[in-house]
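*Asks:* Take this sequence and fold it.
(chains A, B, C, D, E and F)
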4 protein chains.
Amino acid sequence: MSQRLTPRKQPRQKRSQETCAVILEAAARILESEGLGGLTTNRVAKRAGVSVGSLYQYFPSKEAILAEMIRGLRRSLLSDCEAAAETVRGRPLPEAVDALVRASLRHHLVRPALARVLERAEEELPLEKDLKAIKGELMTLVKGVLEERDVANAGQVAFDLIALSHGLASAAIASGETDLENLFQRLRRAAMGYLGLQSDRAGPAAGGSTAV
Amino acid sequence: MSQRLTPRKQPRQKRSQETCAVILEAAARILESEGLGGLTTNRVAKRAGVSVGSLYQYFPSKEAILAEMIRGLRRSLLSDCEAAAETVRGRPLPEAVDALVRASLRHHLVRPALARVLERAEEELPLEKDLKAIKGELMTLVKGVLEERDVANAGQVAFDLIALSHGLASAAIASGETDLENLFQRLRRAAMGYLGLQSDRAGPAAGGSTAV
Amino acid sequence: MSQRLTPRKQPRQKRSQETCAVILEAAARILESEGLGGLTTNRVAKRAGVSVGSLYQYFPSKEAILAEMIRGLRRSLLSDCEAAAETVRGRPLPEAVDALVRASLRHHLVRPALARVLERAEEELPLEKDLKAIKGELMTLVKGVLEERDVANAGQVAFDLIALSHGLASAAIASGETDLENLFQRLRRAAMGYLGLQSDRAGPAAGGSTAV
Amino acid sequence: MSQRLTPRKQPRQKRSQETCAVILEAAARILESEGLGGLTTNRVAKRAGVSVGSLYQYFPSKEAILAEMIRGLRRSLLSDCEAAAETVRGRPLPEAVDALVRASLRHHLVRPALARVLERAEEELPLEKDLKAIKGELMTLVKGVLEERDVANAGQVAFDLIALSHGLASAAIASGETDLENLFQRLRRAAMGYLGLQSDRAGPAAGGSTAV
DNA sequence: GATGAATGAGAGTTCATTCAT
DNA sequence: CATGAATGAACTCTCATTCAT
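*Replies:* Numbers count the residues shown, from 1 in each chain, chains lettered A, B, ... in the order given. Just a heads-up that it's a prediction; the model follows:
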């Protein structure tokens, strides 16, 4: 009953790797243009310029394709955040938060439509262990960053910061915003505020000011 | 090819209203137990105890059922927020924010699974004008509440507060949290922080404290 | 993982019954003309003059169609044998054996090709309980007939007689024989011989004689 | 559209012969464990440790593999029976029948599951001339054995004896019997009875006795 | 109006076979 | 010759929707 959602063969050979990548890219483009409902194996194959048979040689099911895409997205987010954490090693909390927030925001802007669809797909899929693991690692990473800077209840705080960032970023991007810097400033205010830190900018929005 | 997503007839007669409600409730239950993929018109009809034919008399398409459910959810959120705004009329900003945040949080907790699924469905549906309108009204409401208390850039702030609340609430509920009060306190910190207000609680999490 | 092989709905209404029968007859004809490999759900539906959808309304799977056909065949064999046993109630063993053998032989001749194919199909299907039950009933019937006539080891004997009859009958019919009476005489010799009874005919084949 | 079911090349070289045998053995094992439906060319190749391409070098089609297996089975039955006939040359009928029956029974017991599946496959395959020839030779052999002992209508008798043996043996083995000797005695009774000869055992079943 | 049998396009998936490497 | 990636026709089955009763 348990379906494998992992690719069928490790693409060792160059030919295979290419085919695999071509399929994933085709699927991505379809998701962006047609949405989740437009994703069919035959369509993906045709768009990728391969036969359905080939598609099934690399992915045991349609879901496996989605799973692989999600995995890719998550892994790249994780590694970007790891890199960001690395660059601010030893620096104080505000700077660290900035770096992480920036990294995650950048992520939302790469292929926004794709990211949104994949997120939805993730909820509908019986998500696998390795996917959960990746999400867990991100939490662990943020938690570590917070703990090193003596934030209490770091697990909870990490969870909340991730959720807040995600919520604001996806809403903003869904509504068409593209100004990364503006978005960053707003998200920063929320994060800093949540942490009880003074944000060094005056108002909640770009150039704005809040009167009580 | 453009489908109407509005109910086929304004159910004037009591019989019609009832049938309509029965269908919607059946759909809701299916969504909760089987997810979006488990929602089929035949299933809904059977669960509702009516024939498919009847179902199609009230809803022109499967999507129309979903649209109606979403509309209902949104409308109830809106009216709850309106009520909340009413109760804090004339009170200062922190109190108003508290009231709104509480209202929206309560909303997430009623039928959490259903709410999540409907949210996903909303993204996949070609969302209609009247649905957008409802969302717009909520923004307008919050914006009004903020403007009355002289918050600058109220439109943007309203957008952000809604997005932040939504992000934290749905993540928390998805991960199984049920402690409304705890969640409220955390969300409050974020909202107050974002607004540049002092939160009257000490730390970012329940009873916690943040060390710099 | 266990598939149901029983029809999906009890055909209560006349319309349903007809559709159901039409489907089974179409399947039968295809089996006769194309063999097991030629049986596809779409083909059956087309031949039956209904849509695939209808077919699946009555049978949950292709296998269920086969199962139903097999069940029908077995049931009719059983009831014919029961009738035969009834007519020879109280009569001596040779007469009883004759009656049963005749009943079963007649059965092979109705739609020989179909019977053969269904037999093969039966082996490939994960045969169900109710099918096994029918086979068991036949054994029980024969066993009863034998026991009433004081045949020792009636269970084993019943098994063997059924197997012998089946073997000879299907081979003969497969090779194109149509002379029921001739076949009956030969089968009778084997059965009587196995039972240690004197066959009242002279030779093993029609008009033939066996010289030692 | 007419396919050749004979191997593509006469395997002269040892390498070829080996590969060929390896493929056939792999196919046999798959048939035993997965049944006819589990036999796919790719699976056979993998199990045999060769590439599909190689497989197609030795066998022009999947059916050809099955045909070859059937041919092998039939040939070995034939040669075993020939050997048996040889050993009883000049001996009286009962002894000859015993020998043949024993030989054929032994055959059923070697790889019972495989034998059954191949028999089914044989019926579905458009059976070839050379296969029919082998079957014909078996009939001829038995017929010869009978004629030499002055059995009248030997052709018919041969046919019937083969059919009876086959029917009882396959039913018994299918139902899990493994006691060759017991089975032999029962089959012997039937054969001798059919031939109008006295069986030297008392009852139809092991140690049993038939009362009239 | 209500019913539910009927429809059929189209989805996911398999597998015998080919052919470039 | 061997390989195994690639092919694509064909199969089983689903489900939104219609329409005769």
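
*Asks:* so what pLDDT did residue A:17 get?
*Replies:* The model reports residue A:17 with a pLDDT of 75.

*Asks:* Locate it within the secondary structure: which element?
*Replies:* Take DSSP states H and E as the rule and residue A:17 turns out to sit in helix A:14-34.

*Asks:* Could I get the buried residue list for that helix?
*Replies:* Using 16 or more other CB atoms under 10 Å in any protein chain shown as the test for burial, helix A:14-34 gives A:16, A:19-20, A:22-24, A:26-28, A:30-32. Using the backbone N, CA and C atoms, a C-beta is placed for each residue, glycine as well.

*Asks:* what are the ranges of the helices in chain A?
*Replies:* Remark: helices assigned in chain A by DSSP state H are A:14-34, A:41-48, A:52-58, A:62-87, A:93-110, A:112-124, A:129-148, A:154-174, A:180-195.

*Asks:* Can you tell me which of these is nearest to DNA strand F?
*Replies:* Taking CB to the nearest atom of the strand, helix A:52-58 is the member of the helices of chain A nearest to DNA strand F, at 1.7 Å.

*Asks:* Establish whether the closest one and DNA strand F are in contact.
*Replies:* Yes. With CB under 7 Å from any atom of the strand as the criterion, DNA strand F is reached by helix A:52-58 at A:52-54, A:56-58.

*Asks:* which of these are buried?
*Replies:* Counted by 16+ other CB under 10 Å, these give A:54, A:57-58 as buried.

*Asks:* so which of the residues you listed comes closest to chain B?
*Replies:* For these, the closest approach to chain B (CB to the nearest CB) belongs to residue A:58, at 23.8 Å.

*Asks:* Nearest residue to that closest one in space, please, no chain neighbours.
*Replies:* Closest residue to residue A:58 apart from its sequence neighbours, by CB to CB, 6 or more residues apart in numbering or on different chains: residue A:20 at 5.0 Å.

*Asks:* just the CA coordinates of the helix or strand bottoming out on mean pLDDT in chain A, formatted as CSV?
*Replies:* In chain A, no helix or strand scores lower on mean pLDDT, DSSP states H and E than helix A:14-34, which sits at a mean of 88. Presented in CSV, the C-alpha positions along helix A:14-34 are these (Å, rounded to 0.1, in the frame of the first residue of the first chain):
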residue,chain,number,x,y,z
LYS,A,14,24.8,11.6,-17.8
ARG,A,15,22.0,10.7,-20.2
SER,A,16,19.8,9.6,-17.3
GLN,A,17,20.6,12.7,-15.2
GLU,A,18,19.6,14.9,-18.1
THR,A,19,16.3,13.1,-18.8
CYS,A,20,15.5,13.3,-15.1
ALA,A,21,16.2,17.0,-15.0
VAL,A,22,14.3,17.6,-18.2
ILE,A,23,11.2,15.9,-16.7
LEU,A,24,11.4,17.9,-13.5
GLU,A,25,11.7,21.1,-15.4
ALA,A,26,8.8,20.2,-17.6
ALA,A,27,6.7,19.5,-14.6
ALA,A,28,7.8,22.7,-13.0
ARG,A,29,6.7,24.7,-16.0
ILE,A,30,3.4,23.0,-16.2
LEU,A,31,2.8,23.7,-12.5
GLU,A,32,3.5,27.3,-13.1
SER,A,33,1.3,27.7,-16.0
GLU,A,34,-1.6,25.2,-15.4
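
*Asks:* List the contacts of the closest residue to residue A:162 other than its chain neighbours.
*Replies:* Spatial nearest neighbour of residue A:162, excluding adjacent residues (CB to CB, 6+ apart): residue A:142 at 6.3 Å. By CB atoms under 8 Å, 6 or more residues apart in numbering or on different chains, the contact set of residue A:142 is A:81, A:100, A:158, A:161-162.

*Asks:* Looking at the residues you listed, spot the one nearest DNA strand E.
*Replies:* Nearest member of those to DNA strand E, counting by CB to the nearest atom of the strand, is residue A:162, at 31.2 Å.

*Asks:* still on that earlier bit, pLDDT added to the residues of helix A:52-58 next to DNA strand F, as CSV?
*Replies:* Shown next, in CSV, are these (pLDDT from 0 to 100):
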residue, pLDDT
A:52, 96
A:53, 96
A:54, 94
A:56, 95
A:57, 94
A:58, 94
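
*Asks:* can I get these in CSV with distance to residue C:111?
*Replies:* CSV is the format used below for those (distance: CB to CB, whole Å):
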residue, distance to residue C:111
A:52, 39
A:53, 39
A:54, 44
A:56, 40
A:57, 43
A:58, 47
